[in-house]
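Peer 1: sequence first, then the predicted structure:
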Amino acid sequence: MKRVGLLAFSSAASTMGLEIVSDAVRETFPEWDVRTVDETTAKESDYLLVSLYWWRDVYELPSFLDKIGLDPRSRRPIIIVGGMMAVNPRPLEGYYHYAVCGDGEDVVGPLLSALEADEDPYKIAGVWSQDNCQMAVANHLPAKAYTEIRKNTVTRIEIARGCKMGCRFCQLAGSKPYRENPFPVIRQLVLSSKTKTIALFAPDRASHSRFADIESMLSRYGKSNSGSDVRLTKLTGQSVASTVRFGVESFSAAGRKRIGKPIGDENLLRHLRYVSEDLRTPKGKNLTSATCYMIADLPGESDEDFNAFWGVLRRWDETLSGRFTLFLSVSSFAPSPHTPMERDAVNPYSTFNARYQNSRPHFRRLVIATRGALIGPGPRMCQMLAIRGDESCRRAVYHIATQERRLLRVTSPAAGRRVEAIVRASGSDPDLLHGEWPDDRPLPWSHVRRPWA
């Protein structure tokens, strides 16, 4: 009996991706032992499936292997990586054996079968190769409810994958075509769930063609939906919400237009007022808070963009009848693979955080609570190394992961310069990693074909 280990380093979302893939493994090899592993049990596996959900996971993998004394050259276990960062596994060269590019549930089973039969795995669509690769697209979304492993109080149901909107910065829109689970399937999964709280998740759940019916069905069956991400412009068609999270992303109308979210200031104000005045909680009360996603340091951003945003919020504040808290969840811009902005530059030494704080005004009833910030020079250089690095960067990744992990969190300019020095010593150009990528030079993932694009 073969053993398949499941390894995730970060969030519940990465764990769920592994759960979906593990179901496919169990269907192909029902007699195999498939289970989550840790530092004490990973070496017992014949195959190790690793989720690379976000950029820090690129450093967690070599760190994990080093810590448990596992040399990938032994090929036991055989290490298979997947997830959003597996679209470019080049900087992890030597720390994995196979990478799955795209949706994994229809790839991992055939890949394991090919390896067991000693056949060529690179003939399988979705298995990464350095010169010819096609991104995998699952034929069907999982018609299954997954109970959160960590708490067992939330049932997660995937209602859609990919995104219709095509925002210019979004890797999900660029790497996954839009598909959705049919309403009857979702209804049956909700009815059979044992938890009161349901997380119906999708990049934008309001894009589902039966979104209104889904919300009504949850209310009818007494279920609470904790899956709250929704496009702001879709909220006007909704009357009840437990929690609300939406993306505005850029601070000005011009900036939003540049990234493919062309909502003007007047429309933004109208929708914000709808959230505070017209939306109700399941108990019929006004909402008192919402979360707004913002992207820090977008190309072309200036202090004028801040002033435009604060101007909209000031007008909103003037009409609020009571205290309202807006959580601004700030993340750093990164030029993601397979997006129109993939060649754009970032400035690791940006003064965004100071300029943002200095520009913030005081409001009468509106409370601004900022979560997150632009990551500092050290982490941002590490992020770009993980995103854009190639095989020559593997030594730099390993060194940072095992010898200078502080660079993943230290935000000083000196930390950024230290990462640049490590990259340069490995034989790579740090300016290429964070600067504007030349049009005449292929990106590390340029050879990956997307059959739907």
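Peer 2: Looks like it arrived, so ask away.
Peer 1: stretch 69-86: which residues count as buried?
Peer 2: Within stretch 69-86, the residues scored as buried using 16 or more other Cβ atoms under 10 Å are L70, P72, P77, I78, I79, I80, V81, G82, G83, M84, M85, A86. For every residue, glycine as well, the C-beta is placed using N, CA and C.
Peer 1: what is the most widely separated pair among those residues?
Peer 2: Across these, no pair lies farther apart than L70 and M84, at 23.6 Å, counting by Cβ to Cβ.
Peer 1: now go through the buried residues of stretch 69-86 and say which are in strands.
Peer 2: I78, I79, I80, V81, G82 (DSSP state E).
Peer 1: so which of the residues you listed is the closest to R418?
Peer 2: V81 (26.9 Å).
Peer 1: ok, the closest one to P335 distance?
Peer 2: 21 Å (Cβ to Cβ, to the nearest Å).
Peer 1: same deal with A173?
Peer 2: A173 is 14 Å from P335, by Cβ to Cβ.
Peer 1: got it, and P203?
Peer 2: In terms of Cβ to Cβ, P203 sits 19 Å off from P335.
Peer 1: what segments of the stretch 1-150 of the chain are helices?
Peer 2: Remark: helices assigned in the stretch 1-150 of the chain by DSSP state H, counting those that start in this stretch are 12-28, 57-68, 108-116.
Peer 1: what's in contact with the longest one?
Peer 2: Where contact means Cβ atoms under 8 Å, 6 or more residues apart in numbering, the residues beyond helix 12-28 that reach it are 4, 6-8, 32, 34, 36, 49, 51, 53-54, 57, 82-83, 104-106, 108-110, 112-113, 142, 144, 146, 148-150, 156, 158.
Peer 1: how many degrees apart are that helix and helix 108-116 in direction?
Peer 2: 60 degrees (axes from the mean of the first three to the mean of the last three Cα atoms, to 10 degrees).
Peer 1: which residues touch S359?
Peer 2: Per Cβ under 8 Å, 6+ apart, neighbours of S359: D303, F306, N307, W310.
Peer 1: next one: the third one from Q171, what distance?
Peer 2: The one in question is N307. 30 Å.
Peer 1: pipe the ones in strands among the buried residues of stretch 69-86 into a markdown table and attach distance to I124 and pLDDT per row.
Peer 2: As requested, these are exported to a markdown table (distance: Cβ to Cβ, whole Å; pLDDT from 0 to 100):
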| residue | distance to I124 | pLDDT |
| --- | --- | --- |
| I78 | 15 | 98 |
| I79 | 17 | 98 |
| I80 | 12 | 98 |
| V81 | 15 | 97 |
| G82 | 13 | 96 |
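Peer 1: leaving out chain neighbours, which residue sits closest to L65?
Peer 2: Excluding the flanking residues, the one nearest L65 by Cβ to Cβ, 6 or more residues apart in numbering is Y95, at 6.2 Å.
Peer 1: the domain parsing of the protein - what is it?
Peer 2: 3-134, 146-317+324-340, 382-446 (automatic domain parsing).
Peer 1: how about those in TSV, adding distance to N347?
Peer 2: Below are the domains of the chain laid out as TSV (distance: least, Cβ to Cβ, whole Å):
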stretch	distance to N347
domain 3-134	17
domain 146-317+324-340	7
domain 382-446	7
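Peer 1: any idea which of the ones you listed has the lowest pLDDT on average?
Peer 2: The minimum mean pLDDT among the domains of the chain belongs to domain 146-317+324-340 (a mean of 88).
Peer 1: and that one, how far from the chain's centre?
Peer 2: Put simply, domain 146-317+324-340 sits 14 Å off its chain's centre (Cα atoms, centre = their mean, to the nearest Å).
Peer 1: same check, this time on stretch 58-75
Peer 2: Relative to where its chain is centred, stretch 58-75 has its mean C-alpha point 24 Å off (Cα atoms, centre = their mean).
Peer 1: render the CA-only coordinates of that stretch in CSV, please.
Peer 2: What follows is stretch 58-75, C-alpha atoms only, in CSV (Å, rounded to 0.1, in the frame of the first residue of the first chain):
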residue,chain,number,x,y,z
VAL,A,58,8.1,29.1,-2.0
TYR,A,59,10.5,29.6,0.9
GLU,A,60,8.6,27.3,3.3
LEU,A,61,9.2,24.2,1.1
PRO,A,62,13.1,24.2,1.1
SER,A,63,13.0,25.2,4.8
PHE,A,64,10.7,22.3,5.6
LEU,A,65,12.9,19.8,3.6
ASP,A,66,16.0,21.1,5.2
LYS,A,67,14.5,20.9,8.7
ILE,A,68,13.5,17.3,8.4
GLY,A,69,16.6,16.2,6.6
LEU,A,70,14.9,15.2,3.4
ASP,A,71,17.0,15.2,0.2
PRO,A,72,14.9,15.4,-2.9
ARG,A,73,17.6,13.7,-4.9
SER,A,74,16.6,10.4,-3.1
ARG,A,75,13.2,10.6,-4.9
